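Chemist: Fold the following, please.
(2 chains)
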Amino acid sequence: MQRRRFIQALGGAAALLKSSSALASSNERDNTPDLMAAYVEAVRQGRALLVLVVPDDGADFMARGKLLGGWLVHGKPERLAPLVFTELACATVAEIHALVPHADVGAKPVAVLIETTAVPAVVKVVVPEPVPEEAWRLDNKDARQLATSYRDAEYVSTLTDSELREELSTQLRWREDEQRLPLSVEALSKAVYTMLGPDEATSMRRVEQLRARDPATAALAAQWVQSQRIDRLMAAEDLRDKLHLRAVDNRIAGSSWARDNGCGISVVGQPSDSLFLCGMGHVPTLSATFLYFFHRS
Amino acid sequence: MWTPLLLAFLAADAPPAIVVVDAEARAEGWVLEISGVVLEDALPVDVDVDEGERVHVLGPGAVDEVLSPHAGEVWEVQGAQGELVLWLVNEDVHADVVKVNGTKDAVTALAEEVGAEVVWEHETAWLAREDILFDLPWVTSGVALDVDAVVLVDANVVPPSRRSGSSRAPQLRVAVQTQALSTLKSPAVRMPLASSPTPVSVENSGPAKLQNQQALSHEPRVEQQGPKVTARMPGGELGTSAFGHPLHPPLYVGLVRCSGELITLDASGRFRVGQSCTPDDPACGGSDRQWSLTSEGRVLLLEGDAVTDRMTIDPETRRCVNQ
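Modeler: Modelled structure (predicted):
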C-alpha cells in the first residue's frame, strides 16, 4: 500500500502533461470544402459518393462538361437508374486526394466512386472503354462532302485560303465530336452502371443503405432491382426522373449547369446578362445542356 | 541520492492497472486470482504493471484467462458470460469516483477506510476521493470487504451532488485528474470470454494484438483495427455511443474546430491539423496521423501507435463536446 500511495503522490505531476480538453468546440461547416461536404451529405443520405472529375486543364472543361451533361440528361433510364444509390459531386483530382489520400485514382479519371459505409473508404475508379477511333472519325469521302458543301456556301468566297482551311478544320472537328459524343456517353454510362454493381445482391445492399434515409425511394429502387422487363423499365424511368429532379434541375456540387443554344452559353443560376457569346453554330441535342466548370478557372 | 527520486518520478508516469468483477459476473462465479491468491470479494484488484504482474480471470467451466494489463487500464469482467471490457482511467472511467452497492455498514466502513466522502442516491452510494479507484484494492477491513459491488463511473458522468446542485446534499470534492495520453495504448474493447471453450491466454499488447484477440471471439461486437477507424456495426445498423451519437465512422469525416484548431478527419482515416495542411505534407504528419472511433464514440487521434488526443464530437454539429 505504501508503494501505491507514493506513486499516487507523484502522479499529479504527470497529470499536467496533456489534456484532451485542449480541443474545444466550434461549428466548422462554413469552411468545409465542397467535396468533403458532399461526402458528409452522401453519408447522411445513405448513398455512395460519385465524383465527376473536373479536368485540371481548362481546355478540357467543355468536352468533359458535355460528356457528363450528355450522360446525365440523355442517358438511358436503365443505365441511370443505379445513380439513385449515389450522391453526385464534381471535383478535381486534388480535391479527391484531399478526401481519400489513400486512394490512387490515376492521372485522368472521368469519375470516381467513393463508398460511404466505412473508413477507410473503398474507392473505385470508373474507367470507360475507349471509343475506337474508326467509329467516329470522318473518312475521306465524308470530309470531301463537307468541303464541297462549303465550296457552295456564299460566304466562302470572302475567305482567304488559310481562313477556309481553318474553317473546314473546325467544322470537321465539330462533326467528329458530334459522332464521338454519343459513343463516349454510352461508354461512360456502361462503366458507371457496372461499377455500381448491377447484380442483385450488391444493389439490394445499396437499397438497404438507402432505406433508413429515404424509404420511398428505396422501395422504388428495390422494385427496379427485383422486377423484370416492362416493370423494370418503368421503375428505371421513375428513378431517372428522380435523378433529374435531384441532379439536373439542381446544381451538382462543384459545378453549374449551362445551356448552349448555338449562339451563346447561359449558365443556370447566373444573371441573364452573363451570356457568353461563342459564335454561331449547330449544337447537337446531346451536348446542349452541360456541366459548366469555367467558374473554377 | 537523486536516483531513487528520479526512479520514483518516472514511476509516477505509469499508473497501475485495475481489474474488477461486476456483480452479475460474481454471481455466476467469476473471480480473480493474483499471485496465487483467489479474491472473491467485490473490490478491484491492483496489478503491478512495472513488475509485469498478471491476473487470472477464473470462471465457470474451468475458464482461466490471463490478463497482462498496461498502465492506466481498467479491465472489467462483465455479466454472466464474463465479458472483458477495457476502460482507460480518467478517459473512460473516473479514478476519483465510484458507485458502491451494499449494506450501509459495509459501505460506511469502506468509505472510512479510504477516507472518501459518501453521497447516497436511493440504494447506491457514490464514494469520492482523489484516486479512490486505486486505493480500493488495498482495503483490509473485514466489514468493508462485504460490499456487494463496486461500479465504475463513466468519466463523463457528473456525480449526483454536481448534477443536482442542491445545497443540502454533501458536496463531492472531485479533483479532476488527467494524465499523459501517450502512455495509453488502446481504445476500449470488449471481448466475450465464455465463448472460449478452452483456457486462452490473453496478452494485451496494444491495438494490433487486440484485433487478434477479437478473432478468438465468436461474437465480436466491435471490430478493432488498431489505428484504423473502427466502430463498424453489423447489418448497416448504426449503434449509438454513450453520448448519444451514432457509432458510424463515416459520419465523423469532415472538418472540426476544437480549441481554435481546424482538424480534418478524412475518409482515409487520416487526420491533419490546420487549414494549410495537405494530405502529403510531411510537416503535417503525412500518413502517420490517423484517427479512430472507439466503441464509446470518442475520436482518437493517433501518431503511429500513440494516442495523442481524444475528442468527443457531435457529428451533427461537428463540434467537440464534453471536453
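Chemist: Sketch out the low-pLDDT regions of chain A for me.
Modeler: Residues of chain A that meet the criterion pLDDT under 70 lie in A:1-32, A:151-152, A:198, A:271-282, A:297.
Chemist: what about residue 247, how many neighbours?
Modeler: No chain specified, so I'll use chain A. 22 (other CB atoms under 10 Å in any protein chain shown). (Glycine included, C-beta is placed from N, CA and C.)
Chemist: not quite, I wanted chain B
Modeler: Taking other CB under 10 Å as the criterion, the count of residues near B:L247 is 22.
Chemist: Surely it and B:V299 touch.
Modeler: No: shown here, B:L247 and B:V299 do not form a contact pair, counting by CB atoms under 8 Å, at 11.3 Å.
Chemist: Give me the common contacts of those two.
Modeler: B:L293 (CB atoms under 8 Å, 6 or more residues apart in numbering or on different chains).
Chemist: quick one, what contacts B:A109?
Modeler: B:S141, B:V143, B:A144.
Chemist: Can you tell me which of those end up in strands?
Modeler: When DSSP state E is applied, the contacts of B:A109 are split such that none fall in strands.
Chemist: Tell me which of these has the lowest pLDDT.
Modeler: Looking at these by pLDDT, the weakest one is B:S141, with 74.
Chemist: Over to that residue: give its phi and psi.
Modeler: With angles defined as degrees, to the nearest 10, B:S141 shows backbone torsions of phi -60, psi 130.
Chemist: Which residues are in contact with it?
Modeler: Listed by CB under 8 Å, 6+ apart, the contact set of B:S141 reads B:A109, B:L110, B:E113.
Chemist: ok, the contacts of B:A109 vs chain A, which is closest?
Modeler: Nearest to chain A among the contacts of B:A109, counting by CB to the nearest CB, is B:S141 at 12.9 Å.
Chemist: Distance-wise, check the closest one relative to B:A106.
Modeler: For B:S141, the distance to B:A106 equals 9 Å [CB to CB, to the nearest Å].
Chemist: hang on, the earlier thing: among the contacts of B:S141, which are in helices?
Modeler: Judged by DSSP state H, helices contain the following of those: B:A109, B:L110, B:E113.
Chemist: State the number of residues packed around residue 245.
Modeler: Since you didn't name a chain, this refers to chain A. There are 10 residues near A:L245, going by other CB under 10 Å.
Chemist: looking at chain B here, not the other one
Modeler: The burial count assigned to B:H245 is 21, neighbours taken as other CB under 10 Å.
Chemist: right, and it touches B:T317 too?
Modeler: No: judged on CB under 8 Å, B:H245 makes no contact with B:T317 at a distance of 10.2 Å.
Chemist: rewinding a little: may I see the contacts of B:S141 arranged in a markdown table, with distance to A:R47 and pLDDT as well?
Modeler: Rendered in a markdown table, the data for these read as follows (distance: CB to CB, whole Å; pLDDT from 0 to 100):
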| residue | distance to A:R47 | pLDDT |
| --- | --- | --- |
| B:A109 | 60 | 89 |
| B:L110 | 55 | 91 |
| B:E113 | 59 | 87 |
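Chemist: ok, so of these, who is nearest A:G262?
Modeler: Using CB to CB, the shortest approach to A:G262 within these belongs to B:L110, at 88.4 Å.
Chemist: Relative to chain A, how far out is that closest one?
Modeler: Relative to chain A, B:L110 is positioned 15 Å away (criterion: CB to the nearest CB, to the nearest Å).
Chemist: which residue packs closest to that residue, ignoring adjacent ones?
Modeler: Leaving aside its chain neighbours, B:L110 sits nearest to B:A144 (3.9 Å; criterion: CB to CB, 6 or more residues apart in numbering or on different chains).
Chemist: OK, contacts around that neighbour?
Modeler: When contacts are taken as CB under 8 Å, 6+ apart, B:A144 is in contact with B:L43, B:A106, B:A109, B:L110, B:E112, B:E113.
Chemist: Show the contacting residues for the fifth one.
Modeler: If you count contacts by CB under 8 Å, 6+ apart, B:E112 has them with B:A144.
Chemist: hmm, 6 Å instead?
Modeler: Neighbour list for B:E112: empty [criterion: CB atoms under 6 Å, 6 or more residues apart in numbering or on different chains].
Chemist: Now stretch B:38-50: average pLDDT?
Modeler: Throughout stretch B:38-50, pLDDT has a mean value of 86.
Chemist: can you give me the strands for chain A?
Modeler: For chain A, applying DSSP E gives strands covering A:48-53, A:86-91, A:111-114, A:123-126, A:256-260, A:265-267, A:275-276, A:289-292.
Chemist: mind putting those strands in JSON lines, distance to chain B and mean neighbour count included?
Modeler: What follows is the strands of chain A, written out as JSON lines (distance: least, CB to the nearest CB, whole Å; neighbours: other CB atoms under 10 Å in any protein chain shown):
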{"stretch": "strand A:48-53", "distance to chain B": "9", "mean neighbour count": "28"}
{"stretch": "strand A:86-91", "distance to chain B": "12", "mean neighbour count": "25"}
{"stretch": "strand A:111-114", "distance to chain B": "7", "mean neighbour count": "23"}
{"stretch": "strand A:123-126", "distance to chain B": "8", "mean neighbour count": "19"}
{"stretch": "strand A:256-260", "distance to chain B": "24", "mean neighbour count": "20"}
{"stretch": "strand A:265-267", "distance to chain B": "29", "mean neighbour count": "17"}
{"stretch": "strand A:275-276", "distance to chain B": "33", "mean neighbour count": "14"}
{"stretch": "strand A:289-292", "distance to chain B": "23", "mean neighbour count": "25"}
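Chemist: Dump the ones you listed to JSON lines, plus distance to A:E163.
Modeler: Listed next are the strands of chain A as JSON lines, based on distance: least, CB to CB, whole Å:
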{"stretch": "strand A:48-53", "distance to A:E163": "36"}
{"stretch": "strand A:86-91", "distance to A:E163": "37"}
{"stretch": "strand A:111-114", "distance to A:E163": "39"}
{"stretch": "strand A:123-126", "distance to A:E163": "41"}
{"stretch": "strand A:256-260", "distance to A:E163": "24"}
{"stretch": "strand A:265-267", "distance to A:E163": "24"}
{"stretch": "strand A:275-276", "distance to A:E163": "24"}
{"stretch": "strand A:289-292", "distance to A:E163": "28"}
